[in-house]
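K.L.:
My questions concern the predicted model and sequence given below.
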Amino acid sequence: VTLDKNEKQFSPTTMYHDYAINEHLFHWQSQNSARPDKGRGLEYIQHQKMGKRLFLFVREQTKDEFGRTMGFVNYGEVEYVSHTGSQPMSITWQLKEPMTHFMWQQAAKLAVG
């Protein structure tokens, strides 16, 4: 997940609104093709039943101030909580371990955007 998206690097159809809700919950928008009734969207919903473990990797932006590609930070394992919509789906994930205060601040500041 890249939190701070800009029009230069992302198309209008991939300007997903992703952010931390609190230290335990993360709001994520799926790919535009994901639907809750089949395919990848259904796999997100049923991942635990299917025996799949999901991990959340986050970075603030694509490039740093020097133009270097930024790495992702592993926020840890997540579990499906709920979703709304379709194509894309807005999914709420619960982190198995709460994110640190610093990570929470970075991931939550864009929620108002």
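P.N.:
Thanks, I have the structure now. Keep in mind the model is a prediction, meaning the values are calculated, not measured. Numbers count the residues shown, from 1 in each chain.
K.L.:
Now do the contacts for Met50.
P.N.:
Going by CB atoms under 8 Å, 6 or more residues apart in numbering, Met50 touches Glu43. Quick note: C-beta positions are derived from backbone N, CA and C, even for glycine.
K.L.:
low-confidence ranges in this protein?
P.N.:
6-15, 109-113 (pLDDT under 70).
K.L.:
can you rerun that using 50?
P.N.:
Counting by pLDDT under 50, the chain shows no low-confidence range.
K.L.:
need the strands for it, in chain order.
P.N.:
Secondary structure of the chain (DSSP state E): strands located at 19-20, 25-29, 54-58, 73-84, 90-95.
K.L.:
closest one to Ala107 among those strands?
P.N.:
Checking the strands of the chain against Ala107 by CB to CB gives strand 19-20 as the closest, at 3.5 Å.
K.L.:
ok, back up a step: tell me which of the strands of the chain sits most buried.
P.N.:
Between the strands of the chain, strand 19-20 has the highest mean count of neighbours, a mean of 22, where neighbours are mean count of other CB atoms under 10 Å.
K.L.:
so what's the backbone phi/psi at the residue in the chain sticking out farthest from the centre?
P.N.:
Centroid-distance maximum for the chain: Phe66 at 25.0 Å, with CA atoms, centre = their mean. Main-chain torsions, Phe66, degrees, to the nearest 10: phi -100, psi 10.
K.L.:
still on that earlier bit, and Gln105, which of the strands of the chain is closest to it?
P.N.:
strand 19-20 (8.7 Å).
K.L.:
As TSV, the strands of the chain with distance to Tyr44 would be great.
P.N.:
Output for the strands of the chain, formatted as TSV (distance: least, CB to CB, whole Å):
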stretch	distance to Tyr44
strand 19-20	18
strand 25-29	9
strand 54-58	8
strand 73-84	6
strand 90-95	6
